[in-house]
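Trainee: Fold the following for me, if possible:
(3 chains)
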Amino acid sequence: MVLIKNGRVIDPANGIDEQRDLLIEKGKIKAVEPTGKIKCEAKTIDAGGHIVAPGFIDMHVHFREPGFEYKETIESGCRSAAAGGFTTVAIMPNTNPVNDTRSVTELILAQAKACGTVRVHPIGAISQGLAGERLSEMSDLKDAGAIAFSDDGRPVMNSELMRRAFEYSRMFGLPLIQHSEVLDLTEGGCMNEGAVATELGLKGMPVEAEDIMVYRDIALLKKTGGRLHVAHISSGNAVELVRQAKAQGLPVTCEVAPHHFTLTDEAVRGYDSNTKMSPPLRTQNDIERIKEGLEDDTIDIIATDHAPHDVVDKQVEYQHACFGIVGLETALPLTLRLVQENRLTLPRAIEKITSTPASIFNLDAGTLSVGKFADVVIFNPKEEYTVDVSRLHSRSKNSPFDGWKVKGKVTHTLVGGKVIYSAAKN
Amino acid sequence: MGFDPKGVFFCPEPEIQLSSVIFNEKDISRAVTRIAHEILEKNKGADKLALVGIRTRGATLAQRLAKKINEIESTSVSLGILDITLYRDDLGTSKQSPEVKKTDISFSLEGKEIVLIDDVLYTGRTIRAAIDALIDFGRPATVQLGVLIDRGHRELPIRPDYVGKNLPTSKSNQVQVHLKEDDGVDEVILAKALSKKE
Amino acid sequence: MPITLKNILGTRDLAREDISTILDTANAFKEISTRPIKKVPTLRGRTVINLFFEPSTRTRTSFEIAGKRLSADVINITGSSSSTVKGENLIDTARNLEAMNPDIIVIRHACAGAAELISHFTKSSIINAGDGAHEHPTQSLLDLLTIQEHKGSLEGLRVVIVGDIAHSRVVRSNIFAMKTMGMDVRLVGPPTMIPFEIERLGVEVSHNLAEAIRDADVIMMLRIQTERQNRFLLPSLREYSNLFCLTSEKLERAPEDILIIHPGPVNRGVEIALDVMQDKRSLILDQVTNGVAIRMALMYLLLGGSDNGLN
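Mentor: So this is what the prediction gives:
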């Protein structure tokens, strides 16, 4: 038995936001009662007045195993997730070999089970080898444990294939997650197309590359049925397209990564390749429209797109550097900035990384209801500290937030009632 | 500016300088005239003569000398201007690179009697640099040296052929030459700094 | 007033006084190249490394001559900019060179930001000889010197730059430097070659060459790049030439005393007609002479101080 006391429990799924104690037995939530009411013999964790929430869910991470273990393994990725307060993650299939068959899915799940910490859900490929030519065996992948399909890192360029993917996936009721980018428009590009790119002499990736594909997928969806989830939205225009699609009752959802509501393309000045990701950092106007999208729930969830890259891949010329940054351990403080700016309340912010992703992807997680898995995060939203990338738990340290003064620190992360991360011990 | 522990700002005592005018306008003019005659005498005329003034005031003096020589012998003597910054032996010792100005020696040095002209001769390092520069331009028959003031304290074996005035100085002195064309007035000032040490 | 910069990465970082100092210093250095013995001992014993990852005979030769005329030891290293060619990573190359204590590294690379990248890993002074489409500061400075020689003063001059603006580092460096010196810049080229939102840098844009040069003091013609990734930008060189080649016809409407410059090498007949190249207003060869003087001036200004420009 574990008793978490003295915390402010925020459980958006059950509309709870008050001082409560939490009792855990045999890995499940036994009781959630007003502070002091639960009296029993239990190992106690003192939440110290901080927030007690469902363990966070990240629907978009890259754990690089199999194939790129020098960047991250499932084990190091899970440690990074735990340090960031995440108890459930969904892993993208752009490994080597690609996760387009049951055997790779089973490998990933076996590795995750061996770690025994964070709950890992594989996302299967839409097309075999991510080549965008043939559908992958979605049925087999689903049976093996895939909870959605995506070709992320890449878009599905061929519209005919995308159409058939939507149709085929209807049999399984799982969403297709699209990395929306018309590659023809972005070929050779390495940052947002705009005044900054013009000044820096770098080839730009126009925002239209994202908008066109979002529009295309929504248009296809109308005809074919199925479900679309727009990955890492970065364009204000695309947010508006999703808003209109939802207004028409279409099954579209979308996510945003914290860096896309925190940094603009101005951050690229100085050519630090930790500002290089796809989609790229855009403009202040895009950030504003993304925040509006988070406020009115056009943007359903926050997902980090945690993309670890080794120094070898990043400490090179800007246009040769790999796209992507790590994000699991900076997600909480960056998300809390939205609360500090009064764009979201704390419960609404937590909702975006707990109950909503759980509901969209049908996961048994994201809530502190009695009887559910005791996946819990305790964090202090007021604790200020300086981000030090050398101390990240991820194998890779590619983050543009090194040296930033931020607020919001995870003190404990529990999965199934077991503490998998404690700030005191780290 | 510094501040004492009580937090009150104070300025260090200003350096007191005693300066006196060693040469006035007439003195300078007489010196230039005399040096012009000496140059002509030693070189037996202006035939193979050329004057090269060292920037900045050496060049001004060279111009005046050329004019005076013209008055005396009715002949115009070749005149060059030398900027020795690039030949200095103390480059890389001050914070910023010293300013470089144009060098203009548009005549051949071959077989010529070159007279280098400078305002003040002190350690001799400037003249060493000037000789190196001249050699890069060609091979003169002779290189002679004319200065307005010789203040002593040589650090190299350099000696002048023509001197306006020998002025004994101490190292803490400053000798300032002002010329109308450059500074609006003709005078030579000897400044003596009086600090607590003295 | 001497400058206290450690690196010359671009003209964007140069203040007006810096540019004036560089031009004045270069003027003083020009004379050295006319002497029989074209050498001064100023940088004797200093080491300059030309690290060129893109082929370039003229720029590299210019830097080499500049260093040698200052009595520096100049070493030329060539490499490839492609990440797929097996070889040392750029940063490792820089670190290895650094271990040999060079005083100046001159770098030319196909990637924007390359010069800035190695400046984080070396103590030597870095001169950017061209980084991708970003900057080529020494070219811009020699252009300014050339213009100043013929026009006397730079303030208020109108410069028209013609060609593949989007991919040109010469353009960017010139825009930054010229705006700093109070000049007007107008860009001319097909819309496909004008970069997005370039007006934000304070320049005008036109697609009609003859019209654009009617009131210009200087025309700068850029080299047309024919790399693969530009295949969507132009139908053919022939059509480009019809519209944008500087011919005597188009020049008829321009002022008599207009200056013509080009960073070189020139695509004869594509960017400039043969007869125009020989026109007395064409200063292409003057630019080459001034290039050596500018590079000498920069090396002197970077190394002439005690901290070798280190802060």
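
Trainee: going forward, measure contacts between C-alpha atoms and count neighbours the same way
Mentor: Noted.

Trainee: and stretch C:149-156, C-alpha only, in PDB?
Mentor: Taking Å, rounded to 0.1, in the frame of the first residue of the first chain, the C-alpha atoms of stretch C:149-156 are listed here in PDB:
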ATOM      1  CA  GLU C 149      37.300  55.100 -55.800                       C
ATOM      2  CA  HIS C 150      35.300  56.200 -58.700                       C
ATOM      3  CA  LYS C 151      32.400  58.000 -57.100                       C
ATOM      4  CA  GLY C 152      34.300  59.700 -54.200                       C
ATOM      5  CA  SER C 153      31.700  59.100 -51.500                       C
ATOM      6  CA  LEU C 154      29.300  56.200 -50.900                       C
ATOM      7  CA  GLU C 155      26.400  58.100 -49.200                       C
ATOM      8  CA  GLY C 156      23.200  58.200 -51.200                       C
END
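
Trainee: Which residues are in contact with the residue of chain A found nearest chain B?
Mentor: Ranked by CA to the nearest CA, the top residue of chain A for proximity to chain B is residue A:270, at 26.6 Å. Applying CA atoms under 8 Å, 6 or more residues apart in numbering or on different chains to residue A:270 gives the contacts C:113, C:116.

Trainee: just checking, it is part of a strand?
Mentor: No. Using DSSP: H, G, I helix; E, B strand; the rest coil, the secondary structure at residue A:270 is coil, not a strand.

Trainee: Any figure for the gap between it and residue A:202?
Mentor: 12 Å (CA to CA, to the nearest Å).

Trainee: What residue, apart from its backbone neighbours, is nearest residue A:424 spatially?
Mentor: Taking CA to CA, 6 or more residues apart in numbering or on different chains, and ignoring the residues beside it in sequence, residue A:424 has residue A:411 as its nearest neighbour in space, at 7.3 Å.

Trainee: That neighbour against residue A:422, yeah?
Mentor: Yes. Distance between residue A:411 and residue A:422: 5.6 Å, which falls inside the contact criterion (CA atoms under 8 Å).

Trainee: hang on, the earlier thing: does the residue nearest to residue A:424 sit in a helix, a strand or a coil?
Mentor: Assigned with three-state DSSP, residue A:411 falls in the strand class.

Trainee: wait, what's in contact with it?
Mentor: Residues near residue A:411 by CA under 8 Å, 6+ apart: A:377-380, A:421-424.

Trainee: Chain B against chain C: which residues are in contact?
Mentor: Selection of chain B residues close to chain C by CA under 8 Å from any CA of the partner chain yields B:86-88, B:91-104, B:133, B:136-138.

Trainee: From chain C, how far out is the residue nearest to residue B:180 when sequence neighbours are not counted?
Mentor: Beyond its immediate neighbours in the sequence, the residue positioned closest to residue B:180 (CA to CA, 6+ apart) is residue B:186, lying 5.2 Å away. Here residue B:186 is placed at a distance of 26 Å from chain C (CA to the nearest CA, to the nearest Å).

Trainee: Just give the number of residues close to residue B:186.
Mentor: Neighbour count for residue B:186, taken as other CA atoms under 10 Å in any protein chain shown: 18.

Trainee: and if you look at the one 4 residues further on?
Mentor: If you count neighbours by other CA under 10 Å, residue B:190 ends up with 19.

Trainee: which residues pair with it across the strands?
Mentor: The bridge-partner assignment for residue B:190, based on DSSP bridges, gives residue B:20, residue B:175.

Trainee: you'd agree it is up against residue B:171?
Mentor: No. With contact taken as CA under 8 Å, residue B:190 and residue B:171 are classed as non-touching, separated by 11.6 Å.

Trainee: Quick check: neighbours shared by those two?
Mentor: Overlap between the neighbourhoods of residue B:190 and residue B:171 is empty, taking contacts as CA under 8 Å, 6+ apart.

Trainee: wait, what's in contact with the residue nearest to residue B:180?
Mentor: Contact criterion CA under 8 Å, 6+ apart gives B:24-25, B:28, B:177-180 as the residues in contact with residue B:186.

Trainee: Just the buried ones from those residues?
Mentor: Burial by neighbour count, 16 or more other CA atoms under 10 Å in any protein chain shown: within these this picks out B:28, B:177-179.

Trainee: what does the one helix or strand residue C:91 maps to contact?
Mentor: Under DSSP states H and E, the secondary-structure element containing residue C:91 is helix C:90-98. For helix C:90-98, contacts defined as CA under 8 Å, 6+ apart pick out A:315-317, C:117-118, C:121-124.

Trainee: Recalculate using a threshold of 6 Å.
Mentor: The contact list for helix C:90-98 (CA atoms under 6 Å, 6 or more residues apart in numbering or on different chains) reads residue C:122.

Trainee: does the helix or strand following it come close to chain A?
Mentor: Scanning the chain past helix C:90-98 towards its C-terminal end, the next helix or strand to appear is strand C:104-109 (assignment: DSSP H and E). No. Strand C:104-109 stays out of contact with chain A when judged by CA under 6 Å from any CA of the partner chain, the minimum separation being 9.6 Å.
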